[in-house]
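Colleague: Pasting the sequence and the predicted model now:
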Amino acid sequence: MTTNYGAEQIQVLEGLEPVRKRPGMYIGSTGPRGLHHLVYEVVDNSVDEALAGHCSRIDISLNADGSVTVTDDGRGIPTDIHPRTGKSALETVMTVLHAGGKFGGGGYKVSGGLHGVGISVVNALSEWVEVTVWRDGNVHKQRYERGVPIGDLEIAPLTETRRGTSVSFLPDTQIFSTGIEFDYDTLAGRLRELAYLNAGIEIVFTDYRLELIKADQPKVSMYHYAGGITEYVAYINGDKQPIHEEIIHIAAERDGVQVEAALQWCVDAYSDNLLGFANNIRTIDGGTHLEGLKAVLTRTLNNFARKRNKRKDAESNLAGENIREGLTAIVSVKVPDPEFEGQTKTKLGNTEVRGIVDSLVGEALTEYLDFHPGVADSILEKAIQAFNAAEAARRARELVRRKSVLESSTLPGKLADCSSRDPGESEIFIVEGDSAGGSAKQGRDRRFQAILPLRGKILNIEKTDDSKIYKNTEIQALITALGLGIKGEEFDASQLRYHRICLMTDADVDGAHIRTLLLTFFYRYQRELVDQGYVYIACPPLYKVVRGRNHWYCYNDRELQTLLTEQFPANAKPDIQRFKGLGEMMPTQLWDTTMNPETRTMKRVEIEDAAEADRIFTILMGDRVAPRREFIETHGPRMKLEDLDI
């Protein structure tokens, strides 16, 4: 118990101490996401050099000792003595928070860096950092350990004509308790994105961890896209059927704000995929640039609908979500003084950007559609179909509600609701079948846990239109139980009845299929549910091992083998029960292993790379067979056939 609280209890954190004390504030988390964020911080500095026109190639390598090296051919971090700190400019940016060249002053016109904390945060959270700068005919080197410089800046003359910066760092295991192993695919996704956003830049990504990747040669990927974001849209839509082959590309500048957009509508897609970037940073929570794009699309295409007699004067305007159905769009803005929300920069706040995007895209889109009336007609026909389907769906929903026996209660009859009315503490388990539903209902804590059993496999909404979605009883039950509203409408978290939506399916191939169908439903019907972290996957055990009066639960084959070799003598013969389904488990077992917040394991569904997620959903869940076959043929050889549950 604290006894006194005076001036001596007030702590002032100096230098890089605040970063080591509260790393989550600077990099989001100390798990895998924060770990990869360190690489992004260093790479973003090199990309800012490319934005300023001084860098054309960036090399990133994952080294065998677990460290990362990022090298560019930019101007090199300045190394002369800084007038205020009395140290070299290099040491200043590495060891002082809020020191950088992006606060104005002519170093950079536009940049993703804003706060001057990126590289110093990497320094603070690394066991060691080594920086090499080739500049002014010399090579400059300095090493840091946990943010502290080891010795002075070493300077030696250059034997070759070279310039640029190389930063190597090893993340600190004291900070990243979950491990410091980088995932190649996660980093590759972000690096590919950066190459698309900066047409012409060359990014080379090499993995030297030969033991980890089980290879004799390093794995090398090169990203270089002369077409920029138009190639990005083509990549995302590679397995879809476009309405117009030519991607609509807009590039313009006004009041110092550069706007670039690429748009393409597809026949066989029933939702939109809008990606927004501000100064190369993906704004997952949207912002004024995306608001401007949505507004101008709705206004421009409604004007064309009237002009080309697709909508009569008495008929209502097409809604934004109807016009955007099947659209893949990327809008990338470069703003001299961007206003982001938070250090992780997930939402753009500059109000002037909305009007600039609106007017620039409006002018270019109107001109394009005037010259390509056939494209305008095809887009409008799809939008009108979407409008009619939405109207039919709305009428179907109202009919269902009117048919309900209890006018006031539209909740599905099979939902076993919880007594709590606070969505923040409530959770719903979506289970397959009535037998699993029975066990779950008996085993749950009815104060905050609700159960919704689904019968069979739900509709794959990737390849069905809206009117069929609302006629499906299982999907109707999901929508009303969760309080989801209408597909495509702005997500309203206040209407959500549970803030933890847990998918609890059997640990077999059918369970995996149902889980995939449910994830497709959430991703396509109300993607914000996934983006904001409301969707979880429950992890029921696969085995129960009994020996005498003791029992253990194992969640996979590896755990079972480890238990058998480490816990039991060689001659022991424990009783091993494999759970074929959740219905086989006793209610108390289900509570102890899967539903009890104190003991259970849950996986939160997160999306690191939205464009790649969209592409994979299209390939695996769409109605075109050829891309799916190609995917299976490409990735099939890597699978261990004995792991397949067939």
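Modeller: Cool, got the structure.

Colleague: Just the element for the nearest residue to residue 463 once chain neighbours are set aside, please.
Modeller: Counting by Cβ to Cβ, 6 or more residues apart in numbering, residue 623 is the residue found nearest to residue 463 once chain neighbours are left out, at 3.9 Å. Yep, even glycine has a C-beta here, placed from its N, CA and C like the rest. Using DSSP states H and E, residue 623 maps to neither a helix nor a strand.

Colleague: who's in contact with residue 623?
Modeller: 268, 462-463 (Cβ atoms under 8 Å, 6 or more residues apart in numbering).

Colleague: ditto for residue 563
Modeller: 545, 552, 554 are the contacts of residue 563 under Cβ under 8 Å, 6+ apart.

Colleague: What is the longest helix of the chain by residue count?
Modeller: Longest helix in the chain, counting residues (DSSP state H): helix 373-403.

Colleague: Quick one: name whatever helix or strand follows it.
Modeller: With elements assigned by DSSP H and E, the helix or strand that comes after helix 373-403 is strand 427-432.

Colleague: Please name every helix or strand in contact with the helix or strand where residue 301 lies.
Modeller: Assigned by DSSP H and E, residue 301 belongs to helix 288-307. With contacts defined as 3 or more Cβ pairs under 8 Å, 6 or more residues apart in numbering; DSSP states H and E, the packing partners of helix 288-307 are strand 273-278, helix 320-323, strand 327-334, helix 351-371, helix 373-403.

Colleague: For that helix, the averaged confidence score.
Modeller: Taken as a whole, helix 288-307 has a mean pLDDT of 94.

Colleague: Could the C-alpha coordinates of stretch 126-145 be exported in PDB?
Modeller: Extracted C-alpha coordinates of stretch 126-145, given in PDB (Å, rounded to 0.1, in the frame of the first residue of the first chain):
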ATOM      1  CA  SER A 126      17.100  -3.100 -30.000                       C
ATOM      2  CA  GLU A 127      19.800  -5.100 -28.300                       C
ATOM      3  CA  TRP A 128      22.200  -3.400 -30.700                       C
ATOM      4  CA  VAL A 129      22.100  -1.100 -33.700                       C
ATOM      5  CA  GLU A 130      24.900  -0.400 -36.200                       C
ATOM      6  CA  VAL A 131      24.600   2.500 -38.600                       C
ATOM      7  CA  THR A 132      26.900   3.100 -41.600                       C
ATOM      8  CA  VAL A 133      26.600   6.400 -43.600                       C
ATOM      9  CA  TRP A 134      28.400   6.900 -46.900                       C
ATOM     10  CA  ARG A 135      28.400  10.700 -47.400                       C
ATOM     11  CA  ASP A 136      30.800  13.500 -48.500                       C
ATOM     12  CA  GLY A 137      33.500  11.100 -49.600                       C
ATOM     13  CA  ASN A 138      33.700   9.400 -46.200                       C
ATOM     14  CA  VAL A 139      32.200   6.300 -44.500                       C
ATOM     15  CA  HIS A 140      30.800   7.000 -41.000                       C
ATOM     16  CA  LYS A 141      30.100   4.200 -38.600                       C
ATOM     17  CA  GLN A 142      28.600   4.000 -35.100                       C
ATOM     18  CA  ARG A 143      27.200   1.300 -32.800                       C
ATOM     19  CA  TYR A 144      24.500   1.600 -30.100                       C
ATOM     20  CA  GLU A 145      23.500  -0.900 -27.500                       C
END
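
Colleague: Which parts of that stretch count as buried, going by neighbours?
Modeller: 126-135, 139-140, 142, 144 (16 or more other Cβ atoms under 10 Å).

Colleague: what's the lowest-pLDDT member of the contacts of residue 623?
Modeller: Within the contacts of residue 623, pLDDT is lowest for residue 463, at 76.

Colleague: can I assume that one is in contact with residue 621?
Modeller: Yes. In terms of Cβ atoms under 8 Å, residue 463 counts as a neighbour of residue 621; the distance is 7.2 Å.

Colleague: Please, where are all the strands along the stretch 1-150 of the chain?
Modeller: 57-62, 68-72, 126-135, 138-145, 148-157 (DSSP state E, counting those that start in this stretch).

Colleague: after the last one comes which helix or strand?
Modeller: Beyond strand 148-157 in the direction of the C-terminus, DSSP H and E gives the next helix or strand as strand 164-171.

Colleague: that older thread, mind putting the strands of the stretch 1-150 of the chain into CSV with distance to residue 411 and mean pLDDT?
Modeller: Converted to CSV, those look like this (distance: least, Cβ to Cβ, whole Å; pLDDT from 0 to 100):
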stretch, distance to residue 411, mean pLDDT
strand 57-62, 50, 96
strand 68-72, 51, 96
strand 126-135, 52, 94
strand 138-145, 59, 93
strand 148-157, 60, 90
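
Colleague: Great, nothing more from me.
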